[in-house]
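Engineer: can't give you the sequence, but here's the structure:
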């Protein structure tokens, strides 16, 4: 296969972007994306993730700070002069050109010889499984196929960085899973640096080497998917990545790395994560709350107030002295009845102290 | 060295060393100068020869500014000196060029003071090829200097386009219009005098209110204003009526309505006035019939306010319809359906939802009607009688016995004041509220049908108007075949033969008809102007829609402003501004072409903006991230996708150039006469037959141009790729006008 990775790192150095007079889209953000890794920018709409991506592309210019790609400071370079390709949310296929012309466009622009460009375009289409579609028009393809053409068009330039702006949002759920796996495979095989924007936390967890969670123009947390899920640093991340029950607790004593915590009438031990004595918050994943009908065992008393059957698992809302708890339980064959009394306890994993 | 800098430097040197610096008598394209004493003859000499042989020593600093860009040799674009050098070369050169152009004129120094200081100096002429190229070279040095500072991401193409547009709009709109101000401020001796200005502008002939109290007429300003408001309101109302019939009534013959809307585009406005004379004039068919029937003396009621009003209503209602139908159709049906599900009945929905959402359309339609009426020249000239309006008064001030440019300037100022105020008020009124209901998401649903109590009145008004219009057009077609209207109704080809006879001799065709000359001039000038108008309009639209930069709003306003300047004002301003150096254009074909370009440019801009807003921005961004420059993107992505809009702009500006009269009448010359002014001339000689015959031919020519265009567009549609993502290729004249 003649298409190669050409990966370079991306570094943001105190980058700020202000729209108009005072709308701060990205506020003093710094990060490093290593060459050959797939990093997701994740966050709710308006958090600055797309602006960040467009600044990497050179479609927006920073107000202050520096951006380096590889060893080159590209802060002032326009999109045309950066070695970066982007796959757009709407795909942005040129409707008046065939698939082949679309894919070869970037090569033609860079002055690659016609025949070479043709071969490369062919390779690119082969890579995304669309060989033989050269002469079709974009309008003659399905959504998923258009998506792949957009990927091929970006890939054939062998860019230092490949950018994806919510690439799956126009696809249906089934296809989404398939395409994201394909993107991940191509990225791994070619060793590409990929920056990927999404607001879908499940998608982010599934494809990323690292995730940068953004909120209100700043980075809320950066880390590997597993770290973000198991050790969220603050309430926002805990709530945004996966579901979580967020409870107010009291740290009563600290002994080495372990904090003694009172949750209502429960006492538990957790890693203190640098927090001192007094009030704090914990996040409990829905699957980490155990339900039992054995009323003699330990735990809190609770009443099932809602029960939802979802095929693969059950979702319950349980009323306890701590308020309503949201619980996921894998036993779908003998569900708990509504209004039945249960005992609720916490599992060892999926419970963590978090900052405000 | 940067290739673009080098290129413009070379162009500058070609302008200085090779091409004639001053304008050449035998026309822009004439090549006689090459054989006639070039380069040392002072009529044709390039700048260096003018300095050495012609005593034009003040041209000698230019080589300095033209050499300066060499200093960027070997410097990187990011070097601050790079942009500084280009800026100094460009602004210095251009600044000096303008300075010498405006201080040294047709009789040496322009200002007495300078002559007493520096002594008598040789005269200079209008700028020619040489001066043009040198100016362009300086202009693009400036834009490249600005781009090198990182403005608009350092994009030379975009910055240069903005610079070019600003320069030519300044030269051909703001400069001439400011010349009006100057001439209005001058007294009869040509000195500046505030007193004479205030006397003139407050004259009772302009502002008198005699008509309210006694039998004398009111001032022309009031006449024009009253007429324009009535026409604006009525055409808007009628336009709404037709739009509702076309979209909300289940009316079966919508196509017919649509066809009617093409009429005003292909009809010179005064033609309506002409055919009204054929119907209701002293010897008109209806007048004669009624007079015979009731034994009355044929009345002259048509000549004056009622006649102008009627003609303008007929002429401009279709324009209001075009605006309104766009707005009415643009309302998202689901918004109305939402109102209905919220228990509003159809009447309530219409008054509380649909009508308020049409506000921008109503404002636009009114503004168009108002400005068209203010600017209309042909109808008041043909039908005016004692009812004087500004546009005709301006004309008579210039061409009449008085030849009073100051008076014309004052009147033009008043007229401009009215239209600009209307323009500002409209923008104010619409404000920043969003009236957009089309979101790009698929809109299902249907427009609700009109409630019955609205439906029937609307039907009858529309039907009445339609019949009347059809009668009018029949008159036009028929009138050309009648010997003498009102007296001798025997059929004849006489008028067509006089105007359009062709003799076939051994040497080929001999165009012996009296109209051929103006006909071919018109076609040629319209053909030259159309692509330039469309190109300039689309480039401006691209910059407006796709580029963000400081001064964006001012830029937009400046390019749309000429839309609010009546043709009469443009006409006067052009003869005031371009009769003397530095730009001498009067009597040439170029002045007509330029006039059309800048008169019709807003139309091209609007068509472009409408089409460009439908193009997903990520298309250009994709092209940019794939390494294409903005120029390449414009050429390869945007232009091909805008093809229908380009065609519309082309045809529209072609047709507008053929029907225009108000500005043209000031600018035509014996050599370059236009069809419309020729026809008006025939009308003034009471030669109605020939005038009408010529009109019919014009209408047919333009109709075929429009049909040809429609054919191409619909042909394209049939073979077009099924879904251009988010690219609606809605075409036709709707966007052009709205």
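Structural biologist: Everything's here; your move. Please read these numbers as outputs of a predicted model, since none were measured by experiment. Numbers count the residues shown, from 1 in each chain, chains lettered A, B, ... in the order given.
Engineer: buried sites along whichever helix or strand residue B:315 is part of?
Structural biologist: According to DSSP states H and E, residue B:315 maps onto helix B:305-330. By neighbour count on 16 or more other CB atoms under 10 Å in any protein chain shown, the buried set for helix B:305-330 is B:305, B:307-330. For the C-beta atoms, the positions are set from N, CA and C on the backbone; glycine is no exception.
Engineer: Give the other helices and strands that that helix contacts.
Structural biologist: Packing partners of helix B:305-330 (3 or more CB pairs under 8 Å, 6 or more residues apart in numbering or on different chains; DSSP states H and E): helix B:220-248, helix B:254-266, helix B:270-280, helix B:359-375, helix B:378-383, helix B:452-479, helix B:734-737.
Engineer: rerun at 10 Å
Structural biologist: Applying 3 or more CB pairs under 10 Å, 6 or more residues apart in numbering or on different chains; DSSP states H and E, one finds that helix B:305-330 contacts helix B:220-248, helix B:254-266, helix B:270-280, helix B:355-357, helix B:359-375, helix B:378-383, helix B:452-479, helix B:734-737.
Engineer: and chain A, which of those helices is closest to it?
Structural biologist: The closest of these to chain A is helix B:734-737. By CB to the nearest CB, the value is 19.4 Å.
Engineer: Residue ranges in the stretch 351-500 of chain B under the pLDDT threshold?
Structural biologist: Low-confidence segments of the stretch 351-500 of chain B (pLDDT under 70): B:402, B:430-448, B:486.
Engineer: can you give me the strands in chain B?
Structural biologist: Counting by DSSP state E, residue ranges of the strands within chain B are B:104-105, B:108-109, B:482-484, B:488-491, B:502-505, B:508-511.
Engineer: tell me the mean pLDDT for stretch B:177-192?
Structural biologist: Average pLDDT, stretch B:177-192: 79.
Engineer: So what touches that stretch?
Structural biologist: With contact meaning CB atoms under 10 Å, 6 or more residues apart in numbering or on different chains, stretch B:177-192 is reached by B:170, B:193-197, B:199-201, B:404-416, B:561-562, B:565, B:569-570, B:572-580.
Engineer: Can you say which of these are buried?
Structural biologist: Here, 16+ other CB under 10 Å leaves B:193, B:196-197, B:200-201, B:404-416, B:561-562, B:565, B:569-570, B:572-580 buried among the contacts of stretch B:177-192.
Engineer: near chain A, from those residues?
Structural biologist: On the criterion CB under 10 Å from any CB of the partner chain, none of the entries of these sits beside chain A.
Engineer: burial of residue A:45, as a residue count?
Structural biologist: When neighbours are defined as other CB atoms under 10 Å in any protein chain shown, residue A:45 has 7 of them.
Engineer: Same check on residue B:4?
Structural biologist: Neighbour tally, residue B:4, other CB under 10 Å: 15.
Engineer: before we move on, back to that, restricted to helices, list the buried ones among the contacts of stretch B:177-192.
Structural biologist: Counting by DSSP state H, the buried ones among the contacts of stretch B:177-192 place B:196-197, B:200-201, B:405-416, B:561, B:569-570, B:572-577 in helices.
Engineer: ok, back up a step: now tabulate the strands of chain B in JSON lines and tack on mean neighbour count.
Structural biologist: Putting the strands of chain B into JSON lines (neighbours: other CB atoms under 10 Å in any protein chain shown) gives the following:
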{"stretch": "strand B:104-105", "mean neighbour count": "19"}
{"stretch": "strand B:108-109", "mean neighbour count": "17"}
{"stretch": "strand B:482-484", "mean neighbour count": "16"}
{"stretch": "strand B:488-491", "mean neighbour count": "10"}
{"stretch": "strand B:502-505", "mean neighbour count": "9"}
{"stretch": "strand B:508-511", "mean neighbour count": "11"}
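Engineer: do you know which of the helices and strands packed on helix B:305-330 lies nearest residue A:89?
Structural biologist: Residue A:89 lies closest to helix B:734-737 among those, at 27.1 Å (CB to CB).
Engineer: quick one: contacts for the nearest residue to residue B:45 once chain neighbours are set aside?
Structural biologist: With sequence-adjacent residues excluded and distances taken as CB to CB, 6 or more residues apart in numbering or on different chains, residue B:45 is closest to residue B:39, at 5.3 Å. Contacts here follow CB under 10 Å, 6+ apart; on that basis residue B:39 touches B:17-20, B:33, B:45-46, B:48-50, B:53.
Engineer: ok, 7 Å please
Structural biologist: Listed by CB atoms under 7 Å, 6 or more residues apart in numbering or on different chains, the contact set of residue B:39 reads B:45-46, B:49.
Engineer: between the residues you listed, which is nearest chain A?
Structural biologist: residue B:46 (38.2 Å).
Engineer: and the gap between that closest one and residue B:18?
Structural biologist: 6 Å (CB to CB, to the nearest Å).
Engineer: Please identify which of the two sits among more neighbours.
Structural biologist: Each of residue B:46 and residue B:18 has its neighbours counted (other CB under 10 Å); residue B:46 has more, 23 against 15.
Engineer: per-residue confidence at that one?
Structural biologist: Residue B:46 is assigned 85 on the pLDDT scale.
Engineer: So it versus residue B:40, what's the distance?
Structural biologist: Distance from residue B:46 to residue B:40, counting by CB to CB: 10 Å.
Engineer: any chance of the strands of chain B in a markdown table, plus distance to residue B:369?
Structural biologist: Output for the strands of chain B, formatted as a markdown table (distance: least, CB to CB, whole Å):
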| stretch | distance to residue B:369 |
| --- | --- |
| strand B:104-105 | 42 |
| strand B:108-109 | 48 |
| strand B:482-484 | 33 |
| strand B:488-491 | 36 |
| strand B:502-505 | 41 |
| strand B:508-511 | 39 |
